[in-house]
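1. Sharing a model that was predicted from the sequence below.
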Amino acid sequence: MAEMMYCPNCGRNVNVTKWTGTRIVILIVLLILGIIFGLIYLIYVATRKESCPVCGTPAGMLQAPRYSTGPQAGTSAGMSACPSCGTSVPFGSEYCAECGAKLR
């Protein structure tokens with residue numbers, strides 16, 4: 001039921017009810033659209049082919065992870081390689097300066 005009040009500022013009788021029929025319809029439409037877009041996203045994620053999230057290389061071309069046990073070729077003395085991205089980092093560093101991966 002609409003609750004009418006007089007506004008002395010604009011000189012009109014106004015409906016001060018929070019949940020008018022129009023607002024309820026708009027709310028229902030927005031909820032349905034949110035559910036629809038949520039379902040579309042879930043279907044997209046479920047049907048997406050596995051690939052490298054960085055460059056998009058197909059999963060069939062991906063290899064087993066490579067972990068370093070010490071300095072690799074191309075790194076100088078006192079340097080080691082980040083196991084995540086392969087960047088040279090000072091030996092004993094806690095985080096890679098390039099990708100931020102934890103090294104210890």
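-> Yep, it's here.
2. okay, CA-based contacts and neighbour counts for the rest of this
-> Noted.
3. low pLDDT regions in the protein?
-> Flagging of the chain using pLDDT under 70 yields the residue ranges 1-2, 68-77.
4. C52 is in contact with A59, isn't it?
-> Yes. Shown here, C52 and A59 form a contact pair, counting by C-alpha atoms under 8 Å, at 6.8 Å.
5. Quick check: next helix or strand after the helix or strand harbouring L33?
-> Following DSSP states H and E, one finds L33 within helix 21-47. Counting by DSSP H and E, the next helix or strand C-terminal to helix 21-47 is strand 79-81.
6. can you give me how far that following strand is from the chain middle?
-> Here the centre of mass of C-alpha atoms in strand 79-81, compared against the chain's by C-alpha atoms, centre = their mean, to the nearest Å, lies 31 Å away.
7. and that strand, what other elements does it pack with?
-> Packing partners of strand 79-81 (3 or more C-alpha pairs under 8 Å, 6 or more residues apart in numbering; DSSP states H and E): strand 88-90.
8. Could you list every helix and strand in contact with the strand it packs on?
-> Where contact means 3+ C-alpha pairs under 8 Å, 6+ apart, strand 88-90 is packed against strand 79-81.
9. Could you chop the protein up by domain?
-> Following automatic domain parsing, one gets these domains for the chain: 4-47, 77-104.
10. What are the buried residues along the helix holding L33?
-> Residues of helix 21-47 include none that count as buried (16 or more other C-alpha atoms under 10 Å).
11. I'm done for today, thanks for sticking with me.
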